[in-house]
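Undergrad: I'll drop the sequence and a predicted model, then ask my questions.
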Amino acid sequence: MKIAIVANGEWDQEWGKVELSSYEMIIAADGGGKHVIESGHFPDALIGDLDSIEPEILELCRQKGIPIVSYPSQKDETDLELACMYGVEIWQKAKEGKTKEQENRKNSESLLPEIESSHEDSREGSRFEVESSQPEITLLGGTGGRIDHLLGNLSLLLKFFYQGYPIKMKDPQHDIYLVDGEKIIEGFPGQTLSLIPVSPKAKVSTEGFYYPLYGEYLYQENPRGISNVLEGKEGKIKVSEGIVLVIQLEIYKI
């Protein structure tokens, strides 16, 4: 099951039109709904405090019967965080084979926070099937614009990674994800790729890279892993200690 979660960051409409076609479910985080619609798609759900989505876009979503889950503007979670929580819960419910999203909601271990029960939730039963034991959830529109938002979005990757959900982030230029074991990297000869430890240190080995690592430590305070290069169409990363943030550049060439 492939889920796209669209934030209100930098967006390329033509790229979005093609990219969104590859997902089974699209969740818009507040103003991300405009990105989805302007790229020729409609979200399967709209999540957030609705303070940045344009009124006409919100009204169009209501007319289309798109499920809307709204929250107060004063809250602990960001809209994108709530959208990620929603996506993870949808995947969990579909995996369990449940047909009603609100079945025993108050008694379940929901990942969505209870906020005074004031949020508007017009969801219907899940219509998605899960073929994989691992969700494929990708954040789109999470880069560009405010640096604090970008850093916050990257921290969400780590939060859900710790919970067992390896969410990744993507834009027209980058693929961004976390690795704490072995990973085959698919790309092209000469592709730039950076390895940045998010733990204090990470023990990393690589194969198929121009600058190889042989069980060596990368440290948070030393940017040694920036701008490595794939020698062929594939490379291999093994992280035997710690967690590494991988950033692949020029993914449009793959």
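TA: Yep, it's here.
Undergrad: Any regions of the chain where pLDDT drops low?
TA: 98-135, 252, 254 (pLDDT under 70).
Undergrad: centroid residue for it?
TA: Ranked by distance to the mean C-alpha position of the chain (C-alpha atoms, centre = their mean), the top residue is L139 at 2.8 Å.
Undergrad: Does I37 touch I57 like I think?
TA: Yes. Here I37 lies in contact with I57, judged by C-beta atoms under 8 Å, at a distance of 6.1 Å. C-betas here are computed from N, CA, C, even on glycine.
Undergrad: Sticking with the residue nearest to the residue nearest to the centre of the chain when sequence neighbours are not counted, tell me its helix or strand.
TA: Excluding the flanking residues, the one nearest L139 by C-beta to C-beta, 6 or more residues apart in numbering is M169, at 4.3 Å. For M169, the element it lies in under DSSP states H and E is strand 168-170.
Undergrad: just the CA coordinates of whichever helix or strand comes after that strand, formatted as CSV?
TA: Note on strand 168-170: by DSSP H and E, the next helix or strand toward the C-terminus is strand 174-179. C-alpha atoms of strand 174-179 as CSV (Å, rounded to 0.1, in the frame of the first residue of the first chain):
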residue,chain,number,x,y,z
HIS,A,174,15.8,14.4,-3.6
ASP,A,175,14.9,11.1,-2.0
ILE,A,176,15.4,11.3,1.8
TYR,A,177,15.1,8.3,4.1
LEU,A,178,16.6,6.7,7.2
VAL,A,179,18.7,3.5,7.4
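Undergrad: How far off centre is strand 174-179?
TA: From the chain centre to the centre of strand 174-179 is a distance of 10 Å (C-alpha atoms, centre = their mean, to the nearest Å).
Undergrad: in its sheet, what does it sit against?
TA: Sheet pairing of strand 174-179 (DSSP bridges) gives strand 168-170 (antiparallel), strand 244-249 (antiparallel).
Undergrad: Report the angle between the next helix or strand after it and strand 174-179.
TA: Next in sequence after strand 174-179, counting helices and strands by DSSP H and E, comes strand 182-186. Going by axes from the mean of the first three to the mean of the last three C-alpha atoms, to 10 degrees, strand 182-186 is angled at 170 degrees with respect to strand 174-179.
Undergrad: For strand 182-186, buried residues please.
TA: Within strand 182-186, the residues scored as buried using 16 or more other C-beta atoms under 10 Å are K183, I185.
Undergrad: Check which strands are paired with it and give the direction for each one.
TA: By DSSP bridges, strand 182-186 pairs with strand 234-241 (antiparallel).
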